[in-house]
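Novice: predicted model, plus sequence, below.
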Amino acid sequence: MGKQRLKKQVILFVLSISTCIVVVSNYWEISAMALPPQEDIPEEILRMEIVTEARSPLDGKPLTAAEYIELQAQLQASPTPKLAPTIREKVYLLHIRSLLRQLFPFIHF
């Protein structure tokens, strides 16, 4: 009976030590995951940077700041393109059709 009790105590001791190791290692892993990666630049520094290059909204090509301002001025100066009357009418009818579908879902248009 003494050997069985000693054996149970040894098993309990080993299990408690292994459980503590698992819990502590998981805690360290979680705390390390909460930190941002070291190569990540803090947001405060990024907010202070002056942007000197941009991308074209038309084709996505890289532009300098001066080219970007010039392109924005050209886009604001040019009028928006007008749709042909037939296309405009079809779009209007499609809007009406979608509204009617919401009101009367059981009718197939």
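Specialist: Ah, there it is.

Novice: outline the domain layout of the protein.
Specialist: 1-38, 50-104 (automatic domain parsing).

Novice: out of the ones you listed, which gets nearest to Glu44?
Specialist: Minimum separation from Glu44 across those (C-beta to C-beta) falls at domain 1-38, 12.6 Å. Any C-beta I mention is one placed from the backbone N, CA and C, and that applies to glycine too.

Novice: any idea of the mean pLDDT for the closest one?
Specialist: Averaged over domain 1-38, pLDDT sits at 74.

Novice: cool, and stretch 43-55?
Specialist: What stretch 43-55 shows for mean pLDDT is 79.

Novice: now do that stretch: distance from first to last residue.
Specialist: Counting by C-alpha to C-alpha, to the nearest Å, the length from the leading to the trailing residue of stretch 43-55 is 21 Å.

Novice: check which residues of it are buried.
Specialist: The neighbour-count check on stretch 43-55 (16 or more other C-beta atoms under 10 Å) flags Ala54 as buried.
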